[in-house]
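> fold the following, please.
(2 chains)
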Amino acid sequence: MKAALEELLTASLQTLAGDVLPDGATTEDINLERTRDPRHGDFATNAAMLLARHARMNPRQLAEHIIARLPESSLVARVDIAGPGFINFFLAPAAYREQLTRALAAGEQWGHSDIGAGQRVQVEFVSANPTGPLHVGHGRGAAYGASVANILAATGHAVHREYYVNDAGRQMDILAASVWLRYLEHCEELIDFPANGYRGSYIRDIAEQLKATHGERFYRPADEVMQGLPDDEPRGGDKERHIDALIARSRELLGEEDFRIILDAALEAILADIRDDLEEFGVSYDEWFSERQLVESDAVAQTLARLEDKGLVYEQDGARWFRATDFGDDKDRVVVRDNGVATYFASDIAYHLNKLERGYQRLIDIWGADHHGYVPRVRAGLRALEMPEASLDVLLVQFAILWRGEEKIQMSTRSGDFVTLRELRHEVGNDAARFFYVMRSNEQHLDFDLELAKSRTNENPVYYIQYAHARIQSVFDQLKARGGDFDPERGLASLSRLDEDHEMDLMVEISRYPEVLEQAARNHAPHTLAHYLRDLAGALHTYYNAHTFLVDDEALRDARLCLCLATRHVLRSGLDLLGVSAPDDM
RNA sequence: GCCCCGGUAGCUCAGCCGGAUAGAGCAAUCGCCUCCUAAGCGAUAGGUCGCAGGUUCGAAUCCUGCCCGGGGCACCA
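As a prediction, this is how the structure comes out:
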């Protein structure tokens, strides 16, 4: 609908070019928008005000010319000039009826578009380290990323959803060591658990499982394990040095093979848990990309070699540093530590390079806001390798703060004392969780109130929208119960009977849906879709209360049911994109 | 100190690629179920858009400075 009006406007401006307007008059800032105030019509454009200077006439005068050259269209009932030079379009009611007809024909595809046709987009999100269960912060990234990906797919982009599994590197070694120590505890050995180890109870579970499968195979006396290690932090030592030494000792005592068995057992258990969790949350991936494979395929080494060849790496204090400052970063960054181990940053450059080599036009990384300092260095890496860094969008998700009514829930990842995503889902349900997570802009801190999310009251926006959907279903059920029969053909033929204000309002909302999806896709902003669905549900509830749908006049009744049906399609489609269910009854 | 996000109604937030009289939900007050689900609807009230400059025909929106809140500045991930 909007596109059709834009065509009219463009056509008019083209006939004016070289006549009233100079040939090269720029038109990029011209916009055509829905009006806020119905007295300004349905759509308005600022074209005359922006082009007035080029035309060397005042905006209202130019507006006259633009209107005079607008092609004839059945969509438009009237065009006015208002205020400082706005051109206001008043649409014909028939235009909205036509949109409704199209919406019904499209069903749940209504609103989908092909604006992203030909674009391959890779969306990487969550990518939490497989060192423990997902917590509520990851949940927001999951809900946001999944919704963004869904919306991009609905607007015609070829979307590839990917989870980057950090299954290589030091954190994995720490994980394996943590599990092993708990295993030894399970064998009745007394161990001072390292300050830097993973302390969560899930580590004990994995250790117990290991004992059940492998028995005493990995048993070593505690003295042998701990003897001669540098002091840990509680004893005044350095916790990093302590854990590194502990890892080395573990490898030595167990041998590479057994160490790897423990590491893999832990990795597989945790990864399986993460997959299940996300799957239950309605979040699925096309690919789980393994960092370990990236390392083992030599891609990291090759990437580093490319940087070395360009002379962008130097040695200092025993480490290898990438000249990130040459490419816009604040500091140079270590790519190989003094112990010879490549940093995660080195893998990350290789990973992004790999993504681009796979042929995506656009990469979207969704990260927690606490990683924002990481953005310049990844961009620096891409720029150094002469890759088009503009093709990378990093979308940051701010923290979610949990509340139970008035009480703020404190969390600390270090101590393993955090609320998991699974606990949250079980408490408030998947629908409320998905909706609450994306209800606010990703750039806003999110206050997530568990009490509110659980409440079955009018304070809870999720139920408000779902209820609108269930109500429509209930109307159709009611019709059937009364022995009536909905005839869509008759309804479509009678759309002109829909002349009540509430009906027009609802038709306007339905006609907006394609624009809402387009905007949500362009801005990576699922919250705009959430707000729209609330508005749409509101228009339905208002209409429902003002008029009876199941009237004796069958033509009018079926026309109204057509309107309800289209509304239901949009509600279902929109909720689906947000990963929220659309129940038939509540 | 430097970087990122935020500061809009009592509360939580939209609006921010400049547009017309700044919106919504909740909370508050007053109404609406013999009628398709009251998890609903209607009405009323509520604002120096953090502060100060600047750009513009026009600024909540863009620029600069400052104030307040949150986060980040590792040979951690």
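
> does RNA strand B sit close to stretch A:426-444?
Yes - with C-beta under 7 Å from any atom of the strand as the threshold, stretch A:426-444 lies in contact with RNA strand B, specifically through A:440-441, A:443-444. Where you see a C-beta, it was placed from the backbone N, CA and C, and this is true even at glycine.

> next, the buried residues of that stretch.
When neighbours are counted by 16 or more other C-beta atoms under 10 Å, the buried residues of stretch A:426-444 are found to be A:428-440, A:442.

> name the nearest of those residues relative to RNA strand B.
residue A:440 (4.4 Å; C-beta to the nearest atom of the strand).

> next, the contact list for that closest one, please.
With contacts defined as C-beta atoms under 8 Å, 6 or more residues apart in numbering, residue A:440 is in contact with A:446, A:527.

> return the backbone torsion pair for it.
Reported as degrees, to the nearest 10, the phi and psi values for residue A:440 are phi -100, psi 160.

> same question for the one 3 residues further on.
Summarising the backbone geometry of residue A:443 under the convention degrees, to the nearest 10, its torsions are phi -90, psi 0.

> I figured it hits residue A:372, correct?
No - counting by C-beta atoms under 8 Å, no contact exists between residue A:443 and residue A:372, whose distance comes to 10.9 Å.

> need the helices for the stretch 401-550 of chain A, in chain order.
The residue ranges that make up the helices of the stretch 401-550 of chain A, judged by DSSP state H, counting those that start in this stretch, are A:421-428, A:430-439, A:450-454, A:461-481, A:488-493, A:501-522, A:526-546.

> rewinding a little: and for residue A:443 and residue A:372, which residues touch both?
Taking C-beta under 8 Å, 6+ apart as the contact rule, the neighbours common to residue A:443 and residue A:372 are residue A:396.

> mean pLDDT lowest where, among the helices of the stretch 401-550 of chain A?
When the helices of the stretch 401-550 of chain A are compared on mean pLDDT, helix A:450-454 scores lowest, with a mean of 86.

> where does chain A dip in pLDDT?
Low-confidence segments of chain A, defined by pLDDT under 70, are located at A:23-28, A:411-417.

> got the domain boundaries for it?
What the record gives for chain A is the domain set A:2-91, A:120-164+A:284-385, A:165-283+A:398-454, A:458-577, from automatic domain parsing.

> show me what contacts the residue nearest to residue A:434 when sequence neighbours are not counted?
Of all residues not flanking residue A:434 in the chain, residue A:579 sits nearest, at 4.3 Å (C-beta to C-beta, 6 or more residues apart in numbering). Residues in contact with residue A:579, defined by C-beta under 8 Å, 6+ apart, are A:143, A:146-147, A:150, A:281-283, A:430, A:434.

> make it 10 Å
Neighbour list for residue A:579: A:142-143, A:146-147, A:150, A:281-283, A:430-431, A:433-435, A:437-438, A:526 [criterion: C-beta atoms under 10 Å, 6 or more residues apart in numbering].

> go on, residue A:91?
Contact analysis of residue A:91 by C-beta under 10 Å, 6+ apart lists A:1, A:5, A:41-43, A:73-78, A:99, A:508, A:511.

> so which residues of the stretch 201-350 of chain A form strands?
Assigned strands in the stretch 201-350 of chain A, in chain order: A:287-290, A:313-316, A:319-322, A:333-336 (criterion: DSSP state E, counting those that start in this stretch).

> so which bits of the first one are buried?
What it means is strand A:287-290. Of the residues in strand A:287-290, those with enough neighbours to count as buried (16+ other C-beta under 10 Å) are A:289-290.

> quick one: contacts of it?
By C-beta under 10 Å, 6+ apart, the surrounding residues in contact with strand A:287-290 are A:122, A:124, A:127, A:130, A:160-168, A:267, A:271, A:274-275, A:296-297, A:351, A:354-355.

> can we see that at 8 Å?
Residues contacting strand A:287-290 (C-beta under 8 Å, 6+ apart): A:160-165, A:167-168, A:271, A:275, A:351.

> looking at those, spot the one nearest residue A:520.
Proximity of those to residue A:520, judged by C-beta to C-beta, is greatest for residue A:161, which lies at 17.1 Å.

> surely the closest one and residue A:121 touch.
No - because the distance of 9.8 Å does not satisfy C-beta under 8 Å, residue A:161 is recorded as not touching residue A:121.

> if we can go back for a sec, farthest-apart pair in the residues of stretch A:426-444 next to RNA strand B, please.
So, the residues of stretch A:426-444 next to RNA strand B by C-beta to C-beta: farthest apart are A:440 and A:443, at 8.7 Å.

> can you tell me which of the contacts of strand A:287-290 end up in strands?
In this view, the contacts of strand A:287-290 that belong to strands under DSSP state E are A:160-165.

> just send those back as TSV, with neighbour count too.
Compiled in TSV, the ones in strands among the contacts of strand A:287-290 are given as follows (neighbours: other C-beta atoms under 10 Å):
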residue	neighbour count
A:160	18
A:161	22
A:162	26
A:163	24
A:164	23
A:165	21
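
> could you dump these into a markdown table and include distance to residue A:319?
As requested, the ones in strands among the contacts of strand A:287-290 are exported to a markdown table (distance: C-beta to C-beta, whole Å):
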| residue | distance to residue A:319 |
| --- | --- |
| A:160 | 35 |
| A:161 | 35 |
| A:162 | 30 |
| A:163 | 30 |
| A:164 | 24 |
| A:165 | 26 |
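
> and whichever residue of the stretch 451-586 of chain A sits closest to RNA strand B, what does it touch?
Minimum separation of the stretch 451-586 of chain A from RNA strand B (C-beta to the nearest atom of the strand) falls at residue A:458, amounting to 2.7 Å. Contacts for residue A:458 (C-beta under 8 Å, 6+ apart) come out as residue A:464.

> ok, the one 3 residues further on next?
Applying C-beta under 8 Å, 6+ apart, one finds that residue A:461 lies in contact with A:435, A:439, A:530, A:534.

> next: residue A:145.
Contacts of residue A:145 were listed using C-beta under 8 Å, 6+ apart, and they are A:123, A:125-126, A:161, A:283, A:366.

> three-state assignment of it?
In three-state terms, and counting by DSSP: H, G, I helix; E, B strand; the rest coil, residue A:145 is helix.

> RNA strand B contacts on the stretch 151-300 of chain A?
Applying C-beta under 7 Å from any atom of the strand, one finds that the stretch 151-300 of chain A approaches RNA strand B through A:166, A:169-171, A:240.

> now the residues you listed: which count as buried?
Those of these that meet the buried threshold are A:166, A:169-170, by 16+ other C-beta under 10 Å.

> where does residue A:393 land in three-state SS?
Per three-state DSSP, residue A:393 ends up strand.

> related to what we said a few turns ago, hey, which of the helices of the stretch 401-550 of chain A is tucked in deepest?
Of all the helices of the stretch 401-550 of chain A, helix A:430-439 has the most neighbours on average by mean count of other C-beta atoms under 10 Å, namely a mean of 25.

> what's in contact with that helix?
With contacts defined as C-beta under 8 Å, 6+ apart, helix A:430-439 is touched by A:139-140, A:142-144, A:147, A:280-282, A:400, A:424-425, A:428, A:446, A:448, A:453-454, A:460-462, A:465-466, A:526-527, A:530, A:578-581.

> so which residues on the stretch 351-500 of chain A come close to RNA strand B?
Applying C-beta under 7 Å from any atom of the strand, one finds that the stretch 351-500 of chain A approaches RNA strand B through A:369-374, A:396, A:398-399, A:440-441, A:443-447, A:456-461, A:463-464, A:467, A:470-471, A:473-475, A:477-478.

> quick check: residue A:114 vs residue A:471, distance?
According to C-beta to C-beta, to the nearest Å, residue A:114 and residue A:471 sit 33 Å apart.
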